[in-house]
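[1] structure, please.
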Amino acid sequence: MVWDDGEAPLATLHVHEERAKTILSENKSPDLSFRFSVNPYRGCQHACAYCYARPSHSYWGFGAGTDFDREIIVKVNAPELLREAFEKKSWQGERITFSGNTDCYQPLEGRYRLTASCSRSARA
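    Numbering: from 1, shown residues only. I've put the predicted structure just below:
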C-alpha cells in the first residue's frame with residue numbers, strides 16, 4: 001500500500017452569481033425565535049460535514065454532499081433588496097436573522113462583502 005503524505009488537492013470552487021428576486025425569507029415555525037432571515041449565500045465553503053443546511057442545496061439542483069461546499073450561489077444584489085424591503089411601508093421593523101442556512105462570514109464574504117453591506121442597510 002502506498003501512502004501519500006502530501007496534502008489533498010483543493011476541490012474546485014464554482015461561484016454562481018445571481019440577481020435574486022427577494023432577499024427576506026419568511027419563517028412560520030413556532031420553534032424558531034425569528035420570522036425573517038437573510039441568506040446572501042447558498043452553500044458554504046467551510047464544508048462542515050455535520051452542517052444541518054446541506055440538504056437545502058438539493059433544492060437548487062446541487063448535491064448535498066460535496067456540492068454544498070463547491071457550488072456556491074452568491075446573491076450579488078442582496079444589500080439593495082434588503083434596503084428596498086426596509087423602505088416599504090408594510091415593513092414592521094421585525095428582527096432578522098442573518099444566514100440561518102449558511103455561514104454569512106465564509107471566505108467569499110471577503111470578496112463580495114454582502115453581509116457587511118446588508119448589515120449597514122439594517123442599521124440605517
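
[2] quick check, Asn77 in contact with Arg19.
    Yes: judged on C-beta atoms under 8 Å, Asn77 makes contact with Arg19 at a distance of 4.9 Å. (C-beta placed from N, C-alpha, C; glycine too.)

[3] in terms of neighbours, single out the busier of the two.
    Counted by other C-beta atoms under 10 Å, Asn77 and Arg19 do not tie: Asn77 has more neighbours, with 17 against 10.

[4] state the pLDDT value of the more buried one.
    You'll see Asn77 listed with a pLDDT of 98.

[5] helices of this structure, residue ranges please.
    Counting by DSSP state H, the chain has helices at residues 67-70, 78-87, 109-112, 114-123.

[6] for Cys44, which of those is the nearest?
    helix 67-70 (6.1 Å; C-beta to C-beta).

[7] tell me the mean pLDDT over that closest one?
    94.

[8] is it possible to get JSON lines of the helices of the chain that adds mean neighbour count and distance to Glu26?
    Supplementary listing: these in JSON lines, determined by neighbours: other C-beta atoms under 10 Å; distance: least, C-beta to C-beta, whole Å:
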{"stretch": "helix 67-70", "mean neighbour count": "21", "distance to Glu26": "23"}
{"stretch": "helix 78-87", "mean neighbour count": "18", "distance to Glu26": "11"}
{"stretch": "helix 109-112", "mean neighbour count": "14", "distance to Glu26": "24"}
{"stretch": "helix 114-123", "mean neighbour count": "17", "distance to Glu26": "17"}
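
[9] adding distance to Glu7, write these out as a markdown table.
    A markdown table is the format used below for the helices of the chain (distance: least, C-beta to C-beta, whole Å):
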| stretch | distance to Glu7 |
| --- | --- |
| helix 67-70 | 17 |
| helix 78-87 | 34 |
| helix 109-112 | 22 |
| helix 114-123 | 29 |
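
[10] those helices: which one's closest to Cys51?
    helix 67-70 (7.2 Å).
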